[in-house]
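A.B. asks: can you look at this prediction? I've put the sequence above it.
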Amino acid sequence: MITLRHVSHNFGPHWALKNISLDVCKGDFLFLVGPSGAGKTTLLRLLHGAIPLQRGQASVAGFDLQTLTSRNVHRLRREVSVVFQDFKILPERTVFANVALALEVRNMPRPHTERRVRAVLRGLDLEAKAQNLCAELSGGEQQRVAVARAVVVGPQLLLADEPTGNLDRELAMRLMSIFLQFHAHGSTIILATHNQEILSCLPTAKILHLEDGSVAWANWSLSDTE
Ligand SMILES: Nc1ncnc2c1ncn2[C@@H]1O[C@H](COP(=O)(O)OP(=O)(O)OP(=O)(O)O)[C@@H](O)[C@H]1O
């Protein structure tokens with residue numbers, strides 16, 4: 001699903017990613033951990049084409065990031081859904097409209113869209129808010145809308161940047177159970193988090209610990225990637 005070889009990324013003089021090599025297989029669940037500024041968001045941004053590949057080789061969901069241009073990046077983004085740290089939902093549209101948009105841009109028939117959106121909103125306990133404007137929601141509710149929009153399309157690869165950051169413990173655990181359901185159905189998931197507790201939700205998950213842009217440790221062998 002993902003192959004990175006010697007990937008580095010700099011912002012001016014600062015190296016946010018340094019010589020990262022790893023493989024993520026189809027169906028893997030990977031927790032991305034490490035202190036603030038370690039490079040977690042930069043790595044996720046690279047994986048969905050939000051920043052260009054500067055050094056090294058990378059392929060994601062069958063797309064070679066070296067040859068990905070701004071004209072064809074939308075093809076990668078059809079396969080990869082993202083839950084952004086700052087949500088990126090449309091505040092002046094309703095909860096339903098925000099989630100439905102992800103299917104409308106894929107030209108899904110309206111009845112299918114309605115069914116899918118309602119099912120996902122139900123799963124995230126947002127059904128009662130379907131017709132509320134997102135601007136009227138709490139931070140935790142907006143976060144769940146962002147998750148609903150990402151999962152509604154049933155992506156091959158789901159990237160989530162601190163998706164439990166604004167949630168209390170109970171909601172964080174419910175959200176994790178939604179991610180685990182998607183994982184059980186075959187989605188590949190990469191979740192960046194500071195929340196150590198959620199790591200115990202899936203003891204078989206891969207864990208990659210970044211520090212200062214480098215891999216500090218991983219709980220699976222990276223040696224065959226050299
Ligand atoms: N657009 C940018 N311009 C300049 N520097 C950046 C930019 N984006 C990230 N950085 C720097 O790159 C480093 C890695 O940032 P990144 O956001 O990837 O860390 P992170 O591990 O996701 O942190 P956090 O847990 O706080 O979200 C940091 O030092 C950050 O200041």
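C.D. replies: It's in.
A.B. asks: list the contacts for L53?
C.D. replies: By Cβ atoms under 8 Å, 6 or more residues apart in numbering, the contact set of L53 is 7, 9, 46, 65-66, 68. Any C-beta I mention is one placed from the backbone N, CA and C, and that applies to glycine too.
A.B. asks: hmm, which of those residues is lowest in pLDDT?
C.D. replies: In terms of pLDDT, the weakest of the contacts of L53 is L68, which scores 90.
A.B. asks: and the contacts of L53 as CSV, adding secondary structure?
C.D. replies: Shown next, in CSV, are the contacts of L53 (DSSP: H, G, I helix; E, B strand; the rest coil):
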residue, secondary structure
V7, strand
H9, strand
L46, helix
L65, coil
Q66, coil
L68, coil
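A.B. asks: state the pair within these that is farthest apart.
C.D. replies: Spanning the widest gap among the contacts of L53 are H9 and L68, at 14.6 Å by Cβ to Cβ.
A.B. asks: more neighbours: these two, which one.
C.D. replies: H9 (22 against 18; other Cβ atoms under 10 Å).
A.B. asks: and for that one, nearest residue in space, chain neighbours not counted?
C.D. replies: The shortest distance from H9 to any non-neighbouring residue, by Cβ to Cβ, 6 or more residues apart in numbering, is to L17 (4.2 Å).
A.B. asks: secondary structure class for the one you found?
C.D. replies: strand.
A.B. asks: and it, what pLDDT?
C.D. replies: Note on L17: pLDDT of 98.
A.B. asks: that one is in contact with L43, isn't it?
C.D. replies: Yes - counting by Cβ atoms under 8 Å, L17 touches L43, with 6.1 Å between them.
A.B. asks: quick check: residues of this structure near the ligand?
C.D. replies: Taking Cβ under 6 Å from any ligand atom as the contact definition, the chain meets the ligand at 11, 14, 16, 34, 36-42.
A.B. asks: give me the residues contacting stretch 7-20.
C.D. replies: The contact list for stretch 7-20, computed with Cβ under 8 Å, 6+ apart, reads 4, 6, 21, 39, 42-43, 46, 51, 53-58, 212-215.
A.B. asks: middle-most residue in this structure, spatially?
C.D. replies: L159 (1.4 Å; Cα atoms, centre = their mean).
A.B. asks: so it sits in a helix?
C.D. replies: No - checked against three-state DSSP, L159 lies outside a helix; its state is strand.
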